[in-house]
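Student: A predicted structure for the sequence below; I have some questions about it.
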Amino acid sequence: MASLPFLNPAAVSIGDQRKGLDYWLLVLTLLLSGLGLVMVLSASGIMAERFWSDKYYFFKRHALFLVLGLSVMALAATLPRQWYMRPVHVWLLAVVGLLVLTIFSPLGVQAGGARRWLSLGPVNIQPLEVARVALVFYLASFFSRKQELIKSFHVGFLPPLCITGLLCVLLLAQPDFGGAASLVLLLCCISLVGGTRIVYLATTSFLALVAGVYLVLSSPYRLRRWFAFLDPFQDAQDAGYQLVQSLYALGSGGWLGVGLGAGKQKLFFLPAAHNDFIVAVLGEELGFLGLSLFFVLMGLLLWRGMRIALAQEDLQERFVGYGMVLILALGAFLNMAVVLGVVPPKGTPMPFLSYGGSSLVMSLFCVGVLLNLSRGGTR
């Protein structure tokens with residue numbers, strides 16, 4: 001077990017163990033959040049004026065979400081971290097409760113043939129965003145406590161597999177196929193560095209793949225989206241419409257873009273322009289250079305997060321830091337993969353950039369946890 005660098009504190013250089021608030025991570029987060037605020041204003045103004053008679057409608061709401069998210073980040077960075085890292089079963093029970101309410105209660109919001117949102121007055125919450133954080137806290141606690149038995153299937157892998165499976169079943173009942181897949185990815189990535197036998201992970205991945213193929217083939221809607229993803233221009237006016245418009249936006253941006261606010265795809269051509277496909281608007285208006293700058297900033301943020309995770313001497317805190325980085329990295333990767341047509345369309349927001357309170361607040365919470373870990377000590 002000690003041969004795994006992730007589990008061996010001695011593998012981290014002395015320079016990486018220096019403690020102190022990571023101001024680079026903080027600055028990068030503020031830059032990305034500020035860019036997101038600007039892009040939400042640019043991408044949503046026309047639609048907001050058309051449907052809400054206020055072109056600043058989404059911008060003002062996103063600004064409020066940002067203030068709330070920054071407050072949550074500050075609390076997560078300053079409060080004793082054990083306050084929210086230890087009660088893993090409270091996190092899990094809360095998430096299960098939220099998912100059940102979303103599916104079976106009148107509070108669940110029906111949109112696009114699925115119930116993925118929970119309406120709490122003027123605010124809608126997406127439990128999936130909380131489920132990712134809760135799963136990371138649980139897996140970090142489990143793998144840090146079970147290292148001596150981690151090679152055993154019944155003790156070292158079956159419990160987290162069952163917990164993840166329960167959350168996935170609830171997500172599939174919404175239905176949210178992509179959300180369930182993201183939880184499976186979190187489980188596999190954390191289990192891999194946690195010391196789980198490769199054969200267990202390979203078998204689980206194969207079974208998950210078989211289940212995914214079955215779900216796609218058994219649903220005409222998913223099947224159409226799959227074939228549209230393979231060749232979106234074959235059905236450019238229906239199933240492939242969103243991806244085609246996304247590619248048009250990225251292609252028309254060129255090197256320098258058409259100018260901030262001057263994009264055309266957001267003029268009711270590209271659905272969800274201010275949300276899941278905001279990266280396409282960024283590419284159209286700021287071009288390849290602007291898009292590259294965004295990904296450089298995101299890459300630097302993920303690097304700082306991994307540096308913080310590897311510097312932790314406590315194994316649970318190291319897993320938590322790694323999990324927080326995974327949540328942000330998988331969100332960014334899956335969103336960009338959808339925008340570029342690498343994977344089938346799935347409603348995955350870009351961390352810090354897309355409009356949406358649940359995603360923004362939980363992304364900033366992840367950063368707050370990393371900032372807390374960067375301060376060192378036992379808090």
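Tutor: It's in.

Student: going forward, measure contacts between C-alpha atoms and count neighbours the same way
Tutor: Noted.

Student: got the residue ranges for the helices in the chain?
Tutor: Listed in chain order, the helices of the chain (DSSP state H) span residues 23-52, 57-78, 82-85, 88-104, 127-145, 153-156, 158-172, 177-194, 198-217, 220-230, 241-253, 278-310, 315-340, 357-374.

Student: lowest confidence element among the helices and strands of this protein?
Tutor: Among the helices and strands of the chain, helix 220-230 carries the lowest confidence by mean pLDDT, DSSP states H and E, at a mean of 69.

Student: Quick check, Leu128 in contact with Phe177.
Tutor: No. Taking contacts as C-alpha atoms under 8 Å, Leu128 lies outside contact range of Phe177: 11.4 Å.

Student: Quick check: which ranges of the stretch 51-200 of the chain have low pLDDT?
Tutor: Scanning the stretch 51-200 of the chain with the threshold set as pLDDT under 70 gives 112-113.

Student: now do 80
Tutor: 110-114, 120-123, 155-156 (pLDDT under 80).

Student: what's the spacing between Pro232 and Asn124?
Tutor: With the distance defined as C-alpha to C-alpha, to the nearest Å, Pro232 ends up 31 Å from Asn124.

Student: Give the residue from these two that has the larger number of neighbours.
Tutor: Neighbour totals were compared for Pro232 and Asn124, and Pro232 leads with 22 against 17 (other C-alpha atoms under 10 Å).

Student: residues contacting that one?
Tutor: By C-alpha atoms under 8 Å, 6 or more residues apart in numbering, the contact list for Pro232 reads 239-241, 243-244.

Student: rerun that using 7 Å as the cut-off
Tutor: Neighbour list for Pro232: 240, 243-244 [criterion: C-alpha atoms under 7 Å, 6 or more residues apart in numbering].

Student: What of Gly108?
Tutor: Counting by C-alpha under 7 Å, 6+ apart, Gly108 makes contact with 101-102, 115, 117-119.

Student: remind me which residues of the stretch 251-379 of the chain are low pLDDT?
Tutor: Scanning the stretch 251-379 of the chain for pLDDT under 80 picks out the ranges 272, 343-347, 376-379.

Student: thinking Trp117 is in contact with Glu129, fair?
Tutor: No. Judged on C-alpha atoms under 7 Å, Trp117 makes no contact with Glu129 at a distance of 10.6 Å.

Student: Tell me which of those two has more neighbours.
Tutor: Relative neighbour count places Trp117 above the other of Trp117 and Glu129, with 24 against 18, counting by other C-alpha under 10 Å.

Student: State the distance from that one to Leu98.
Tutor: When distance is defined by C-alpha to C-alpha, Trp117 is 9 Å away from Leu98.

Student: With Ser33 instead?
Tutor: Between Ser33 and Leu98 the computed distance is 27 Å (C-alpha to C-alpha).

Student: for the residue nearest to Leu35 when sequence neighbours are not counted, phi and psi?
Tutor: Distances taken as C-alpha to C-alpha, 6 or more residues apart in numbering place Leu353 nearest to Leu35, at 6.9 Å, with adjacent residues excluded. Dihedral angles of Leu353 (phi, psi; degrees, to the nearest 10) stand at phi -100, psi -40.

Student: now do the one 3 residues further on
Tutor: Geometry field for Gly356 lists phi and psi as phi 150, psi 120, criterion degrees, to the nearest 10.

Student: Show the contacting residues for it.
Tutor: Taking C-alpha under 7 Å, 6+ apart, we find Gly356 in contact with His62.

Student: Give the buried residues for stretch 293-300.
Tutor: Of the residues in stretch 293-300, 294, 297-298 count as buried by neighbour count, 16 or more other C-alpha atoms under 10 Å.

Student: Now do it: everything it contacts.
Tutor: Contacts of stretch 293-300 (C-alpha under 7 Å, 6+ apart): Leu28.

Student: what are the C-alpha coordinates of it, in CSV please?
Tutor: Listed in CSV are the C-alpha atoms of stretch 293-300, where the atom choice follows Å, rounded to 0.1, in the frame of the first residue of the first chain:
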residue,chain,number,x,y,z
LEU,A,293,-7.2,31.5,-21.6
PHE,A,294,-10.2,30.1,-19.9
PHE,A,295,-8.8,26.6,-20.0
VAL,A,296,-5.4,27.8,-18.8
LEU,A,297,-7.0,29.4,-15.8
MET,A,298,-9.1,26.2,-15.1
GLY,A,299,-6.0,24.0,-15.5
LEU,A,300,-4.0,26.2,-13.1
